[in-house]
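>>> When you get a sec, could you give me coordinates for this:
(chains A and B)
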Number of protein chains: 2
Amino acid sequence: MEFKARLLEIEAGGNLIVIIGARDAERLGVISSDRVRLETAGSEVVAILNIASEFPQGVLGIYEEVRQRLGLREEDTVQVRPAERPESLRFIREKIMGGKLTARKMELIVEDVVERHLSDIELAAFVTALQVHGLSMEEAESLSRAMVKAGRTIGFNRTPILDKHSIGGVPGDKTTLLVVPIIAAAGYTIPKSSSRAITSPAGTADRMEALCPVDLRIEEIIEVVEKVNACVVWGGALDLAPADDLFIRVEYPLSIDPLLLPSIMSKKKAMGSSHIVVDIPTGRGAKINTLDQAQQLARNFIELGARLDMHVECARAEGEQPIGWAIGPNLEAREALETLMGGGPPDLIDKATSLAGILLEMVGEENGKERALELLSSGKAEEKLRQIIEAQGGDPEVKPEDLAVGDRWIDVRAERSGRVLWINNRAIAQIARTAGTPSDKGAGLLLRAKMGDEVSEGDVLFRIYAESAQRLDRAAAQAEELAPVAVGSRFGERMLIKQVRGALQKGPAFILER
Amino acid sequence: MEFKARLLEIEAGGNLIVIIGARDAERLGVISSDRVRLETAGSEVVAILNIASEFPQGVLGIYEEVRQRLGLREEDTVQVRPAERPESLRFIREKIMGGKLTARKMELIVEDVVERHLSDIELAAFVTALQVHGLSMEEAESLSRAMVKAGRTIGFNRTPILDKHSIGGVPGDKTTLLVVPIIAAAGYTIPKSSSRAITSPAGTADRMEALCPVDLRIEEIIEVVEKVNACVVWGGALDLAPADDLFIRVEYPLSIDPLLLPSIMSKKKAMGSSHIVVDIPTGRGAKINTLDQAQQLARNFIELGARLDMHVECARAEGEQPIGWAIGPNLEAREALETLMGGGPPDLIDKATSLAGILLEMVGEENGKERALELLSSGKAEEKLRQIIEAQGGDPEVKPEDLAVGDRWIDVRAERSGRVLWINNRAIAQIARTAGTPSDKGAGLLLRAKMGDEVSEGDVLFRIYAESAQRLDRAAAQAEELAPVAVGSRFGERMLIKQVRGALQKGPAFILER
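The predicted structure follows:
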């Protein structure tokens, strides 16, 4: 059937979608979610059909994605015919029914995901089925390989390629900004691609961006790594394992994450990594709550790594409270820089040198942690970070005080004397977000007390920074409501934890960052 | 944050969706699928957020559904604030994780489905989780009740209210057009709401529409039933258990149907039915393939019925081949009318009187089938159908030959002599659809041989009717390819069944009609 194109001038979230009226659909013998083949003079594409109850007869509504594929203009004539549904839908159905998918079927699904041939409904069903039935190690491997194959890969012409990954969930974790220069200062190659915050106060890319540009193209990354052995860049636009971003779109509203392992490992594989340390923050308020769960996840990372020819070791790290004192892009970059310059909080130093030490021992060094501490205290790691900053286009002479923090702040004080019994990671993250992070670079929190510290009534527990009075007020109100730092005289006396958790359930229950 | 409304002038498929640009989203601290509260001078609504990478700053894209709710005009100012996600998302997640949902949680989910507060992603996850984990009988009950509660109900002020339902899947099944007048002629009330074809050649509403209008409003239905004890109307616009249509949208592309029981039973409950016979066509090529499966399904219908205070009995009926000779709206209406007038095929008569007989015995009559046969052969059922036709606004004097069939036809003949070994329901349905059903009322098939019949080479197996030469040609070509009526000298010799099934997998694998 022949239609006239009507350009809708909006995106359909990436999918190839067109719209026709209900009567035209009846005539074509198609219903919503069916596929149609669109043909113009020069090109053709299969799109997903949506039906509008009131839409002019003979008119085809064209979302931006389809317009671009076909190079359409308003009023262009388009031939529309019913098309078969993607074969991958059958395999998704197989997974729903409890089957195990072969490598080939996984590949076809991922291809269709990346080509945007699957609707949100179909993608959601696949991810839900993966969540319910789980992935066998074979499926995790084939899914990872399929995700690598469906995107770009980077070749550095070097070996080994070291890497570090955290499954996230702990605010203030600027460890990467120390591990990368330590490893590079030791003479190894560590090209780090990282993410921006989606639901957290700051991602590693946000922290690094306080120091230098992170939006590098692949060619620029290769150049930087050739020069200084390392980089810390934003991986989001590099088209490495791009299926992941599409899966995340579906996982996020459902607060499920069945693709954690393949997502992470496919990105590492696409980056060419050979030796990876995976940080698994563990504890109440972290993503992984018990040591047993952490152990199981670690084993899975190691096995999947081996299947993909990557040497993986894991670190179960303390995840009950923020790392260091600072939360927020500029505050964290400042703290990382101070730590490289000889200051810094002890937990950050310990975590960074422990992880760097594991990596160093993986590639054959002895006494890895000591070596890492030495590279840190000698200033060599600082020197290396400054080289990276320069190579990525930043100012190598940057000083901690150059990193501006919000000019408005408020102190939250202890209402009683005692010890800090616990710090609620999620509440800390929420307050920082309310204060403006990650888009307000200078917003965030600076903790003055950590778990176990003694405080007196009236002592400052933390300071909230913001760039606007309105945001500061809202963050302060939220801090009062959530009371993220609990002070008491002994464990067990503060039963309020239940109430706080109830309140928090209303907020985002899911930390998206991997 | 304040936005200017930009009316997109298209529907979002029913959901409440708005669009903002990526930068505005970052500023608001929201991502795709998050909820936002929209406020105008007079009203407010919570909508699902979509993000477009390129969209003018400060502009809010408004789909029709949101425009209508808020009564918006182009350039109107709208306040946009992040909102909490619906509580029902937590319960959907519980179901994904394998939990059993309480009646209250089911109710909240269904409310949010009907209020269009859940995105396609979230709905698909729910339906997939139901498919994978299954529904307990408690959950089926609470889901049915929730679906009834979320829509309109009809009260006829009579008792008992009889009803008949087929789970479908067999082409040419015009049984309802006989059962309803038989039951009403016996003095009982049977208000039948039925569906139009979605993927089949004709639904009961399409068949009845050949005889009289079926798009009645609830008040009109009540009036008709008051007058003649019965009706056969289209149920699609009555808002009875409206959640079902929304679930179907998601089930269709996935070819799954976890809601079969609650869908059917909630519509019956909303109609006020007290005694229902459910027809379960069984056999190769039907929805239910084995007698065991049919038995299990029947038990579930009966139990769910009892929980909802409805007396249900089930009939496992032959479902291996079409019912009667005719397939297609007008052809089927004609065959039904002929059967009521004393002619008609024996399988249709047997099926209709068997089902009517069960219903009659359910309300206390003896020898139900004999009584049904008598009402049929005496012409009382015919008289009743004509009363119903008149009450619904049709011509009570309608003759079979008044129902026009396509003026183009072609005969498909046996290529060899032998017996009809099998008839492929799905292929028959596909050919009829290709010939133009259900939108071309006169299109369809007229079978000349059924399973077990002896045919000689060159005998007509079936005739295809169409309203256009092009459709007739395409249907004829498809008939040749699919060879839906297999003739052979003994069972087992025709191994071609495998090839035909392979070809069919490319078509719609799923019969949507319930």
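
>>> make it CA atoms for all contacts and neighbour counts henceforth
Will do.

>>> So residue A:174 sits against residue A:330, correct?
No - counting by C-alpha atoms under 8 Å, residue A:174 stays clear of residue A:330, with 11.0 Å between them.

>>> Among the two, which residue is more densely surrounded?
residue A:330 (31 against 28; other C-alpha atoms under 10 Å in any protein chain shown).

>>> pretty sure the more buried one contacts residue A:210?
Yes - between residue A:330 and residue A:210 there is a contact under C-alpha under 8 Å: 5.7 Å.

>>> Overlap of the contact sets of the two?
In terms of C-alpha atoms under 8 Å, 6 or more residues apart in numbering or on different chains, residue A:330 and residue A:210 are both contacted by the residues A:403, A:441.

>>> related to what we said a few turns ago, shared neighbours, residue A:174 and residue A:330?
residue A:207.

>>> so who does residue A:151 touch?
Neighbours of residue A:151 in contact, by C-alpha under 8 Å, 6+ apart: A:239, A:240, A:241, A:242, A:243, A:270.

>>> same thing but 7 Å
Listed by C-alpha atoms under 7 Å, 6 or more residues apart in numbering or on different chains, the contact set of residue A:151 reads A:239, A:240, A:241, A:242.

>>> ok, and the most crowded of the residues you listed?
Ranked by neighbour count (other C-alpha under 10 Å), the contacts of residue A:151 have residue A:241 at the top, with 30 neighbours.

>>> What about the residue nearest to residue A:98 when sequence neighbours are not counted, how many residues nearby?
Leaving out its chain neighbours, the residue that sits closest to residue A:98 by C-alpha to C-alpha, 6 or more residues apart in numbering or on different chains is residue A:133, at 6.5 Å. Using other C-alpha under 10 Å, residue A:133 has 19 other residues around it.

>>> One more: the one 10 residues further on?
The number of residues packed near residue A:143 is 27, by other C-alpha under 10 Å.

>>> for it, helix, strand, or coil?
With DSSP: H, G, I helix; E, B strand; the rest coil as the basis, the three-state label of residue A:143 is helix.

>>> dump the residue contacts of it.
Neighbours of residue A:143 in contact, by C-alpha under 7 Å, 6+ apart: A:106, A:107, A:262.

>>> sorry, back to before: can I get the contacts of residue A:151 in JSON lines including pLDDT?
Output for the contacts of residue A:151, formatted as JSON lines (pLDDT from 0 to 100):
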{"residue": "A:239", "pLDDT": "90"}
{"residue": "A:240", "pLDDT": "92"}
{"residue": "A:241", "pLDDT": "89"}
{"residue": "A:242", "pLDDT": "91"}
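
>>> Can you tell me which of those residues lies closest to residue A:183?
Sorting the contacts of residue A:151 by distance to residue A:183 puts residue A:240 at the head of the list, at 23.2 Å, by C-alpha to C-alpha.

>>> what about the closest one, which helix or strand?
For residue A:240, there is no enclosing helix or strand under DSSP states H and E.

>>> Just to check, it is in contact with residue A:152?
Yes - counting by C-alpha atoms under 7 Å, residue A:152 is a contact partner of residue A:240 at 5.1 Å.

>>> intersection of neighbour lists for those two?
Shared contacts of residue A:240 and residue A:152 (C-alpha under 7 Å, 6+ apart): residue A:270.

>>> Now do the buried residues in stretch A:152-162.
If you call a residue buried by 16 or more other C-alpha atoms under 10 Å in any protein chain shown, then stretch A:152-162 has these buried ones: A:152, A:153, A:154, A:156, A:161, A:162.

>>> Which ones among these map onto strands?
Among the buried residues of stretch A:152-162, the members found in strands (DSSP state E) are residue A:162.

>>> all strands for the stretch 251-400 of chain A, in order.
Listed in chain order, the strands of the stretch 251-400 of chain A (DSSP state E, counting those that start in this stretch) span A:275-282, A:311-318, A:326-327.
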